[in-house]
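Enquirer: I would like the atomic coordinates for the input below:
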Amino acid sequence: MEIIHVSAECYPVAKVGGLGDVVGALPKYQAELGHVVKVVIPMYRTRFLYENQWELVHEGGQNLGPHWFHYSVIKEKTNKLGFDLYLIDINGLLDREKIYGYDDDTERFMAFQIAFCDWLSKWSHRPDVIHCHDHHTGLIPFMVKYCYAFNQQLAEVPTVFTIHNAQYQGWMSWDKYYYIPAYDSWKWGLLDWNHMINPLASAIRCAWKVTTVSNSYLGELHYSANGLEKLFEYEKGKSYGILNGIDTKIWNPQTDNYILKNYDRGMVEQGKRKNKKELCGQFDLDIDKPLIVFIGRLVGEKAADLLPEAISQSIYQHHGKANFLVLGSGDPNVEHQLDHMKKQFGGYFNSYIGYSESLSHQMYAGADFLLMPSRVEPCGLNQLYALRYGTVPMVRSVGGLQDTITDFGDPNGFGIRFNQPSVGDITYSVGRAIDLYQNKPEQYNWMRDHIMTLDHSWDKSAMQYIQLYESLKK
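Expert: Have a look, this model is predicted:
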């Protein structure tokens, strides 16, 4: 099959979160199954762009409302990512360093989608499937079906839409309707949700199949989808939950260049000890205490606003028997509180405000426990990285976290789970972690060994997507 993935992110070209990791890995595994796989993202001005070789494959022009724009498509020459990578450039819109966060993001991603459809409509052949990811590409299933400039060529090409996070929907007011190329006006209802143009809702209606990144998350969307609950219930017949995997070539403690000491299952105790010693030395923490880490965006979805009080209470209530390290950025108020806590809890707590790929790897390798108290977690990749590195996940029972982690109180359980995103539940779970680490070494060592045997590679999930694509031919 010929499969085209369209996304706003793709690791290592441009990444903000899990979307980038998925679009950087899934296509590679599909290509290894023998398919022709292409990934298309905007041409941000990132380091990857300047450090690699490219060839121009197409140039064209289209309108964004009354404004005509020129676009170009370049292809990475060496196939170094394991699939064909294409970047679409539009001067004045996509030529930025950051992926998101601009006042004209609506215009930027609208133009990107229009350019993609225009380019694809010029091909002499048709791909087997267009796989769109999140709301930044959510209008493509509508445009290929109903926009006059594209539907003669593309209306019969199957579209699949994957929801990585339904909280973000790309809303725009109807006064921007003219951005969308001319379409059958009878179909305007496929764009509308609650008197707004809603790209996520449009994709759910127009795509041939819809997927989410875990089964539990698909179920949660029927009662918690930021206003789209009825739509998910209505479209449940074409919706599927396919659990994300991880790229086990990148996330491998045996070969990881980011960590101080490589290790495998047989050397997990020694390997983690050396990495922990490096981490504790860098952040002035006690190597003999259990090290609990948080890695991620400091935002409400991740329950990061609870971290300052939860960590403070845990240090007080458990008499400083655990150390804490936080890596992330986001809410300035949370950042400030965590920064202030460094002085108050020196020797027990530290933080790194910002993003560091190398430090995140070192933390997975050196930590004893990974804390994920998320309010929303469609799949979660961090807990899967932790498992790979022998770090026990402490997770709230939500979304993909409850699909991938079992509590050590259950038969053959290998993690710590709690029910509420609350200071009380987090503090109680920290106590369980301390007790496990200090008083139940045999069980803790079994858990650490066992979780490194779990297979969360993309092999199974990539095949499930292929089977989904093939069902569209029937």
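
Enquirer: which parts of this structure belong to which domain?
Expert: 2-245+458-471, 265-451 (automatic domain parsing).

Enquirer: compare those and give me the one nearest residue 253.
Expert: domain 265-451 (5.1 Å; CB to CB). Every residue, glycine included, has its C-beta placed from N, CA and C.

Enquirer: got the end-to-end distance for the closest one?
Expert: Length of domain 265-451, first residue to last, CA to CA, to the nearest Å: 9 Å.

Enquirer: now it, how far from the chain's geometric center?
Expert: The chain centre lies 19 Å from the centre of domain 265-451; the measure is CA atoms, centre = their mean, to the nearest Å.

Enquirer: all helices for the stretch 1-150 of the chain, in order.
Expert: Taking DSSP state H, counting those that start in this stretch as the test, the helices found in the stretch 1-150 of the chain are 18-32, 47-51, 105-121, 140-146.

Enquirer: so for residue 288, which of those helices sits nearest?
Expert: Short answer: helix 18-32, nearest of these by CB to CB, at 33.3 Å.

Enquirer: picking that back up, for residue 254, which of the domains of the chain is the nearest?
Expert: domain 265-451 (9.1 Å).

Enquirer: quick revisit: kindly reformat the helices of the stretch 1-150 of the chain as TSV containing mean neighbour count and distance to residue 57.
Expert: Listed next are the helices of the stretch 1-150 of the chain as TSV, based on neighbours: other CB atoms under 10 Å; distance: least, CB to CB, whole Å:
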stretch	mean neighbour count	distance to residue 57
helix 18-32	24	18
helix 47-51	12	15
helix 105-121	22	9
helix 140-146	24	19
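
Enquirer: relative to residue 327, which of the ones you listed is closest?
Expert: Proximity to residue 327 (CB to CB) singles out helix 18-32 among the helices of the stretch 1-150 of the chain, at 15.5 Å.

Enquirer: buried sites along the helix or strand containing residue 449?
Expert: In this assignment (DSSP states H and E), residue 449 forms part of helix 441-451. By neighbour count with 16 or more other CB atoms under 10 Å, helix 441-451 contains the buried residues 444, 447, 448, 451.

Enquirer: which one of those is nearest to residue 244?
Expert: Nearest to residue 244 out of the buried residues of helix 441-451 is residue 451 (CB to CB; 17.2 Å).

Enquirer: so residue 229 touches residue 235, yeah?
Expert: No: Residue 229 is beyond contact range of residue 235, at 11.3 Å (criterion: CB atoms under 8 Å).

Enquirer: what number of residues lie near residue 68?
Expert: Neighbour count of residue 68, defined by other CB atoms under 10 Å: 9.

Enquirer: show the pLDDT at the nearest residue to it once chain neighbours are set aside.
Expert: Leaving aside its sequence neighbours, residue 68 sits nearest to residue 61 (CB to CB, 6 or more residues apart in numbering; 6.0 Å). Listed pLDDT for residue 61 reads 97.

Enquirer: cool, residue 474 as well?
Expert: The model's pLDDT for residue 474 equals 62.

Enquirer: report the separation between residue 262 and residue 351.
Expert: For residue 262, the distance to residue 351 equals 26 Å [CB to CB, to the nearest Å].

Enquirer: with mean pLDDT and distance to residue 91 added, can I get the helices of the stretch 1-150 of the chain in a markdown table?
Expert: As requested, these are exported to a markdown table (pLDDT from 0 to 100; distance: least, CB to CB, whole Å):
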| stretch | mean pLDDT | distance to residue 91 |
| --- | --- | --- |
| helix 18-32 | 95 | 24 |
| helix 47-51 | 96 | 14 |
| helix 105-121 | 98 | 11 |
| helix 140-146 | 98 | 22 |
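
Enquirer: export these as JSON lines, with columns for distance to residue 127.
Expert: Formatted as JSON lines, these follow (distance: least, CB to CB, whole Å):
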{"stretch": "helix 18-32", "distance to residue 127": "13"}
{"stretch": "helix 47-51", "distance to residue 127": "24"}
{"stretch": "helix 105-121", "distance to residue 127": "8"}
{"stretch": "helix 140-146", "distance to residue 127": "11"}
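
Enquirer: mind checking which of those helices is nearest residue 80?
Expert: helix 47-51 (9.8 Å).

Enquirer: which residues touch the closest one?
Expert: Residues outside helix 47-51 that contact it (CB atoms under 8 Å, 6 or more residues apart in numbering) are 12, 13, 14, 43, 87.

Enquirer: how near is residue 386 to residue 324?
Expert: 15 Å.

Enquirer: rewinding a little: export the domains of the chain to TSV and append columns for distance to residue 251.
Expert: Supplementary listing: the domains of the chain in TSV, determined by distance: least, CB to CB, whole Å:
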stretch	distance to residue 251
domain 2-245+458-471	9
domain 265-451	5
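
Enquirer: and those domains: which comes nearest residue 257?
Expert: The minimum distance between residue 257 and those falls on domain 265-451, with 8.5 Å, by CB to CB.

Enquirer: what ranges does the stretch 301-450 of the chain have for its helices?
Expert: Using DSSP H, counting those that start in this stretch, helices in the stretch 301-450 of the chain cover 307-317, 332-344, 357-366, 382-388, 399-404, 423-439, 441-451.

Enquirer: please name the nearest non-neighbouring residue to residue 445.
Expert: residue 269 (7.3 Å).

Enquirer: what about that neighbour, which helix or strand?
Expert: helix 268-283.

Enquirer: what helices or strands is that helix leaning on?
Expert: On a contact count with 3 or more CB pairs under 8 Å, 6 or more residues apart in numbering; DSSP states H and E, helix 268-283 meets strand 291-295, strand 323-328, helix 357-366, helix 441-451.

Enquirer: now do the shortest one: which elements does it pack against?
Expert: Think strand 291-295. helix 268-283, strand 323-328, helix 357-366, strand 369-372.

Enquirer: quick one, the first one and strand 323-328 angle?
Expert: For helix 268-283 against strand 323-328, the angle between stretch directions is 70 degrees (axes from the mean of the first three to the mean of the last three CA atoms, to 10 degrees).

Enquirer: what residues does helix 268-283 touch?
Expert: 253, 259-264, 285-287, 291, 323, 325, 350, 352, 362-363, 365-368, 389-391, 445, 448-449, 452.

Enquirer: ok so, going back, out of the helices of the stretch 1-150 of the chain, nearest to residue 165?
Expert: That would be helix 18-32 among the helices of the stretch 1-150 of the chain, by CB to CB, at 7.8 Å.

Enquirer: got the CA positions of that closest one in PDB?
Expert: Extracted C-alpha coordinates of helix 18-32, given in PDB (Å, rounded to 0.1, in the frame of the first residue of the first chain):
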ATOM      1  CA  GLY A  18       3.500  12.600  21.900                       C
ATOM      2  CA  LEU A  19       2.100  13.400  18.500                       C
ATOM      3  CA  GLY A  20       5.600  14.000  17.200                       C
ATOM      4  CA  ASP A  21       6.800  10.700  18.700                       C
ATOM      5  CA  VAL A  22       4.000   8.700  17.100                       C
ATOM      6  CA  VAL A  23       4.300  10.300  13.600                       C
ATOM      7  CA  GLY A  24       8.100   9.700  13.800                       C
ATOM      8  CA  ALA A  25       7.700   6.000  14.600                       C
ATOM      9  CA  LEU A  26       4.500   4.500  13.200                       C
ATOM     10  CA  PRO A  27       5.400   5.200   9.500                       C
ATOM     11  CA  LYS A  28       8.800   3.600  10.000                       C
ATOM     12  CA  TYR A  29       7.300   0.400  11.300                       C
ATOM     13  CA  GLN A  30       4.700   0.400   8.500                       C
ATOM     14  CA  ALA A  31       7.500   0.800   6.000                       C
ATOM     15  CA  GLU A  32       9.300  -2.200   7.500                       C
END
